[in-house]
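Trainee: A structural model of the following input is requested.
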Amino acid sequence: MQQPGEGAARLDRSSNGAAHGRPGSRLQRGLALAGVAIIVALVAFLAWPLETEDLASRPQPAAGYADAVARVQRLQATDGAKVNPLCATRLLTHGTKVARSVVLFQGYTDCVAQWGEFARLLYDAGYNVLVPRAPHHGLVDDSSDELGQLTAVELVRLADEATDIAHGLGDHVGVLGFSMGGVMAGLVAQERPDVDRVVVIAPGFVLGGIPPIAAAQVAKALLLAPNVMFCRGACATPDPPYAFPRHATRAIAAILQLGAVVRDQAETRAPAAGSVVLVTNANDSEVDNGVALEVAAAWRQRAPGRVDTYEFPRDLGLIHDVVDPVQQGSRTDVVYPVLLRLLQAG
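Mentor: As a prediction, this is how the structure comes out:
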């Protein structure tokens, strides 16, 4: 027999359980919906094209030699005391406008000194030579996090400014760029019809280990996340000694972002420069040679007779940095004659 109040007690317990369950269920549904929203937002972000509006060339060539020198001095004024003197913007000039000028763009984490010996070689061959310091590079304090401030827009602006300056230094303009500088040279090749010859060396359109199909998404993810400074292996003494020992995820994103711009443009437009040569190193694992060769093939298809390629064979055992004479394992005795010949062939 049911005792008085027993049914009510059961009903109370049942009601209390439901009352406690409903808020928990609502919380779980809310969390699930929030998780779905985050995933959808992330997928939408990664699927959205990289921002490229500010990554276009805006040429303003120097009016003459005096204008070019004044512009170089403005670049040098940005160096200041925080910059290693070896890494400051360099101009090797014969004191007047000459037949040929050349710009040399440095690699990521390295500095202007990377091109020192080759710049002198070109100067001795009659060129006026400009080696601009890349933004946030070449600091005395190699433990600085400033490298993380590098942007693709800054790389584009420097590529433009240096090329503009070169017009006041020589009647015929050449551009060489290595690694990060190779991506900058690739942009010059793509967009500057006022340049006679571009030599693109081991360009970091896509860095080794990153799937080419995902490079733009990796760039976007790194741009979204806070910058992280890291070492590949132990943070030992940098090689060469004037290079940064640490990498910055935001700087890597900037290089990939600019690389994506050049890759996309190469698929739809012929290179604007008079002639272009892509230089790869078969022993190089730091950058994706396959992507670089795809860019060159796209250029060649749209500009037959104006695009060449050259590859240093694997059996030479060359390191990634083929231009810095100070780097351990350097073989500039092999590399420099080839680069000089390729520059002068255009």
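Trainee: How many neighbouring residues does Gly290 have?
Mentor: Gly290 has 12 neighbours, counted by other CB atoms under 10 Å. (Glycine included, C-beta is placed from N, CA and C.)
Trainee: List the contacts of the nearest residue to it once chain neighbours are set aside.
Mentor: Spatially, and ignoring its direct neighbours in sequence, Gly290 is nearest to Pro212 (7.2 Å; CB to CB, 6 or more residues apart in numbering). Pro212 sits next to Val206, Asp288, Gly290, Val291 when contact means CB atoms under 8 Å, 6 or more residues apart in numbering.
Trainee: I'd like to know which of these are part of helices.
Mentor: Of the positions in those, Gly290, Val291 sit in helices, assigned by DSSP state H.
Trainee: in the chain, which spans are helices?
Mentor: Assigned by DSSP H, the chain shows helices spanning 6-47, 65-77, 116-124, 152-169, 180-191, 215-224, 249-266, 289-302, 332-344.
Trainee: nearest to Pro132, of those helices?
Mentor: Between Pro132 and these, the shortest gap by CB to CB is with helix 152-169, which sits at 4.7 Å.
Trainee: Quick check: buried residues in the closest one?
Mentor: 152-153, 155-169 (16 or more other CB atoms under 10 Å).
Trainee: Let me see the mean pLDDT of it.
Mentor: Averaging pLDDT along helix 152-169 yields 98.
Trainee: Point out the other helices and strands that it packs with.
Mentor: The contact analysis (3 or more CB pairs under 8 Å, 6 or more residues apart in numbering; DSSP states H and E) places helix 152-169 against helix 65-77, strand 98-105, strand 128-131, strand 170-178, helix 180-191, helix 249-266.
Trainee: Thought Leu92 was touching Leu169, still the case?
Mentor: No: Leu169 lies out of contact with Leu92 (CB atoms under 8 Å); the separation is 9.8 Å.
Trainee: Now list whatever residues contact both of those two.
Mentor: Contact criterion CB under 8 Å, 6+ apart; residues shared by Leu169 and Leu92: Asn128, Leu130.
Trainee: Count the residues that sit near Met229.
Mentor: Number of residues near Met229 (other CB under 10 Å) recorded here: 18.
Trainee: er, Ala56 actually
Mentor: Counted with other CB under 10 Å, the neighbours of Ala56 add up to 13.
Trainee: Surely it touches Ala159?
Mentor: No: at 11.0 Å, Ala56 and Ala159 do not qualify as touching, with contact defined as CB under 8 Å.
Trainee: Buried residues in stretch 188-207, which are they?
Mentor: Judged by neighbour count using 16+ other CB under 10 Å, the buried positions of stretch 188-207 are 188-192, 194-207.
Trainee: for stretch 219-235, same thing?
Mentor: Ala219, Lys220, Leu222, Leu223, Asn227, Met229.
Trainee: And the nearest residue to the first one once chain neighbours are set aside, how close does it get to Gly95?
Mentor: Pointing back at Ala219 there. Nearest residue to Ala219, sequence neighbours excluded (CB to CB, 6+ apart): Leu256, at 3.8 Å. Using CB to CB, to the nearest Å, one gets 40 Å for the distance from Leu256 to Gly95.
Trainee: Just want the most central residue of this protein.
Mentor: Centroid check for the chain by CA atoms, centre = their mean gives Ile255 as the closest residue, at 2.3 Å.
Trainee: show me the contacts for it.
Mentor: Ile255 makes contacts with Tyr108, Ala152, Leu155, Met180, Val183, Gly204, Leu207, as judged by CB under 8 Å, 6+ apart.
Trainee: again, only using 10 Å
Mentor: Listed by CB atoms under 10 Å, 6 or more residues apart in numbering, the contact set of Ile255 reads 108, 150, 152, 155, 179-180, 182-184, 203-207, 219, 287.
Trainee: what would the buried residues of stretch 219-235 look like in a markdown table with distance to Thr78?
Mentor: Formatted as a markdown table, those follow (distance: CB to CB, whole Å):
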| residue | distance to Thr78 |
| --- | --- |
| Ala219 | 26 |
| Lys220 | 29 |
| Leu222 | 26 |
| Leu223 | 24 |
| Asn227 | 21 |
| Met229 | 23 |
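Trainee: Return the member of those nearest to Lys82.
Mentor: Among the buried residues of stretch 219-235, and counting by CB to CB, the member closest to Lys82 is Met229, at 17.3 Å.
Trainee: And the residue lying closest to Asp288 once chain neighbours are set aside, how far from Val175?
Mentor: Using CB to CB, 6+ apart and skipping residues adjacent in sequence, the residue nearest Asp288 is Val206, 4.1 Å away. From Val206 across to Val175, the span is 21 Å (CB to CB).
Trainee: now Gln149
Mentor: In terms of CB to CB, Gln149 sits 25 Å off from Val175.
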